[in-house]
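1. sharing a model that was predicted from the sequence below.
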Amino acid sequence: MEKLDRLWERYWKITDQHGNGYATSILWHLALRGHTGGMTVLSSKLRREGRIAQAFSQTGLAYRVYRRGDPVGANHLALNAFNRGDLIRYRYWLARGARAGDAEALRDLRRFEIRLPHANAAAIGRVRPWRSYD
């Protein structure tokens with residue numbers, strides 16, 4: 001696991017501090033080795049949403065992160081469902097994230113708002129103003 005941790009540090013050094021190297025190839029290497037952080041960041045960088053069965057699509061990577069025990073994967077799946085307008089899946093993945101231990105997912109599930117204050121919500125007609133708890 002030391003090698004993956006060193007690669008993870010190198011990725012952040014490249015992206016944050018403008019180090020030498022190619023960050024995307026490091027992400028792919030981490031994702032292929034099953035590093036949950038690398039899989040999560042790579043899934044957010046991919047353009048094609050895909051399906052759960054497609055291992056290297058946004059949805060497929062997020063699902064595999066969730067299956068490895070990281071609730072961030074469920075959060076990604078919930079937001080992907082919200083951005084598609086699929087509120088049933090949105091609630092489903094919020095519940096899965098809350099069950100996995102994500103306090104933010106539990107708070108969002110209890111509140112269950114069908115309008116959110118971000119730009120993607122505006123694109124699907126479900127935007128609302130920012131509130132004090134956002």
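-> Happy to help now that I have it.

2. export the particular helix or strand that has Val65 in it as PDB, just CAs?
-> Per DSSP states H and E, Val65 falls inside helix 58-67. Presented in PDB, the C-alpha positions along helix 58-67 are these (Å, rounded to 0.1, in the frame of the first residue of the first chain):
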ATOM      1  CA  GLN A  58     -18.500   7.700 -13.600                       C
ATOM      2  CA  THR A  59     -21.200   5.600 -12.200                       C
ATOM      3  CA  GLY A  60     -19.200   2.300 -12.300                       C
ATOM      4  CA  LEU A  61     -16.200   3.800 -10.500                       C
ATOM      5  CA  ALA A  62     -18.400   5.500  -7.900                       C
ATOM      6  CA  TYR A  63     -20.200   2.200  -7.300                       C
ATOM      7  CA  ARG A  64     -17.000   0.300  -6.800                       C
ATOM      8  CA  VAL A  65     -15.800   3.000  -4.400                       C
ATOM      9  CA  TYR A  66     -19.000   2.500  -2.400                       C
ATOM     10  CA  ARG A  67     -18.600  -1.300  -2.500                       C
END
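
3. low pLDDT regions in the chain?
-> Scanning the chain for pLDDT under 70 picks out 1.

4. farthest residue from the center of it?
-> Asn20 (26.2 Å; Cα atoms, centre = their mean).

5. and the helix holding Val65, how far from the chain's centre?
-> For helix 58-67, the distance from its own C-alpha centre to the chain's C-alpha centre is 8 Å (Cα atoms, centre = their mean, to the nearest Å).
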